[in-house]
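Fold the following for me, if possible:
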Amino acid sequence: MSPRDIAAEPLAAARPAPARPRPPIWLLVAMIGIGPFTMQVLVPALPAMGRDLGASTATIQLTVTLYLAAVGIGQLIYGPLSDRFGRRPLLMGGLAVYALASLGAALAADVLGVVAMRILQAFGACAGVVLARAVIRDVWPRDQAASVLGYVTMGMTIAPMLAPVIGSLLEMAFGWRAIMLSCLAFGLPLAWLCWRRLPETLPAPQKLPGLAAIWTAYRSLWALPAFRTNATLTASATGVFFAFLGGAPYVVVQGMGYSPLTFALAFAAVSVAFAFGNWIAGRYAMRLGTMLLLSIGVWTCTLGALLAAALMLALPAHLLSFFLPMAVVATGNGMTQPSSIAAALSARPQLAGTASALVGAMQMGFGALMTFVVGLLEFGAGLGTSLSMAGAGIGAYLALRGARRATPP
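Below you'll find the predicted structure:
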């Protein structure tokens, strides 16, 4: 891409785009929801699955850590290819991989087979996340995209709200393999609906032949301060959540002695708080503007994470002192992510798919890192989890300072 092309891009982006067909919001919700549903539906069953397969806690944790890493890597592939070949073909291919991997995980004979199938599941599921975001940015301008992302993410919280409950009930009734079959029951109808109802929204195919050009596209995006700071902010805010997700099952079930179902129900309350933050983003993004809403969200998220660490240090471990600060974090996260993602994708609208992929990869990569860190620091009392959350929250605040300087009004 020449300097002349880069200089011309703001003018091109400012021209009014022709109207493109907009997919139904509920379908975008389902596309984004398949990834978190698949990740979290298995979490309550991890201790039981470890016992059944004779695997250690560290090995079973790979079904989450490597899932997140694979989602991040997969998004790096889907994004640029969708900018070249369109959103629909990449989505349908991803959902096919997802269905086959879900069946394979249910039939796996040992823990390594489950881990391998979970990696393939992640590669398939991440197509929905990255391509739904790209579709939204294809057909809505920046502030409206933040509002739509807020509403879509609010609806998407149904998946992580119900997933742990579904997973715990299926495990108790039929065993953990039934959980993988529930993923298949989610993926097949979604593929059919996307085939029927999702229009192609790519404005114009981008020339991205070969790995070298894909790398150039990512490097050109990273060179933009508006993208770099907002993507880092998104990853840091997401890291607060994944630090909690990585440690919470062991703190609640093993450390506090509660049942997996109790954990699932408490986690559902956190999902409600996240949905509330998404509702605020959807309701007020146009009125307050992306940056003001983003600032409020980051402050809320960071203060909630610091509160979690303070309560773990000052009080004995208790379910309320562990989950109430997380509800504050989730509300702030719900306000933060739609605005920061929309701002990152708006840094160069012509590469919305590539930008969505890189943002998603950073989210999942940092999330995988946080689950690994929590695995090293957490011994069942909740302190390692809360301190990891606080560290990621401080990172989000520092990234916000850069985003304020770099993001145009």
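
Only C-alpha atoms from now on, for both contacts and neighbour counts.
Will do.

what about Ala406, neighbour count?
17 (other Cα atoms under 10 Å).

Which secondary structure element is home to the closest residue to it other than its chain neighbours?
Nearest non-adjacent residue to Ala406, counting by Cα to Cα, 6 or more residues apart in numbering: Ala226, 4.7 Å away. Here Ala226, judged by DSSP states H and E, is contained in helix 225-249.

For that helix, enumerate the helices and strands it packs against.
helix 210-222, helix 290-314, helix 319-345, helix 352-377, helix 383-406 (3 or more Cα pairs under 8 Å, 6 or more residues apart in numbering; DSSP states H and E).

Between helix 383-406 and it, find me the angle.
170 degrees (axes from the mean of the first three to the mean of the last three Cα atoms, to 10 degrees).

and helix 225-249 with helix 352-377, angle?
Angle, helix 225-249 to helix 352-377, by the same axes, to 10 degrees: 40 degrees.

hmm, back to that, now mean pLDDT too, for the helices and strands packed on helix 225-249, in TSV please.
Below are these laid out as TSV (pLDDT from 0 to 100):
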stretch	mean pLDDT
helix 210-222	78
helix 290-314	84
helix 319-345	84
helix 352-377	79
helix 383-406	83
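
of the ones you listed, which approaches Leu184 most closely?
With distances scored as Cα to Cα, the stretch of those nearest to Leu184 is helix 352-377 (22.3 Å).

In the closest one, which residues are buried?
Using 16 or more other Cα atoms under 10 Å as the test for burial, helix 352-377 gives 352-375, 377.

Now do that helix against helix 319-345, angle only.
If you take the same axes, to 10 degrees, helix 352-377 sits at 150 degrees to helix 319-345.

other SSEs contacting helix 352-377?
helix 57-85, helix 111-139, helix 210-222, helix 225-249, helix 319-345, helix 383-406.

just to revisit the earlier point, chain center to the helix holding Ala226, what's the gap?
9 Å (Cα atoms, centre = their mean, to the nearest Å).

can you check stretch 251-270 too?
How far stretch 251-270 lies from its chain's middle: 21 Å, per Cα atoms, centre = their mean.

Flag every buried residue along it.
By neighbour count on 16+ other Cα under 10 Å, the buried set for stretch 251-270 is 251-256, 260-270.

now the end-to-end length of it.
Terminal residues of stretch 251-270 lie 16 Å apart, using Cα to Cα, to the nearest Å.

who touches that stretch?
For stretch 251-270, the surrounding residues in contact (Cα atoms under 8 Å, 6 or more residues apart in numbering) are 44-45, 160-162, 164-165, 168-169, 249, 317-319, 323, 326-327, 330, 379-382.

repeat that with 7 Å
Applying Cα atoms under 7 Å, 6 or more residues apart in numbering, the contact partners of stretch 251-270 are 44, 161-162, 164-165, 168, 249, 326-327, 330, 380-382.

okay, those residues in TSV with neighbour count and distance to Asn278 next?
Compiled in TSV, those are given as follows (neighbours: other Cα atoms under 10 Å; distance: Cα to Cα, whole Å):
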residue	neighbour count	distance to Asn278
Pro44	28	25
Met161	25	14
Leu162	18	17
Pro164	29	20
Val165	24	21
Ser168	26	26
Pro249	24	25
Met326	28	15
Ala327	23	13
Ala330	31	9
Gly380	19	31
Ala381	21	30
Gly382	29	27
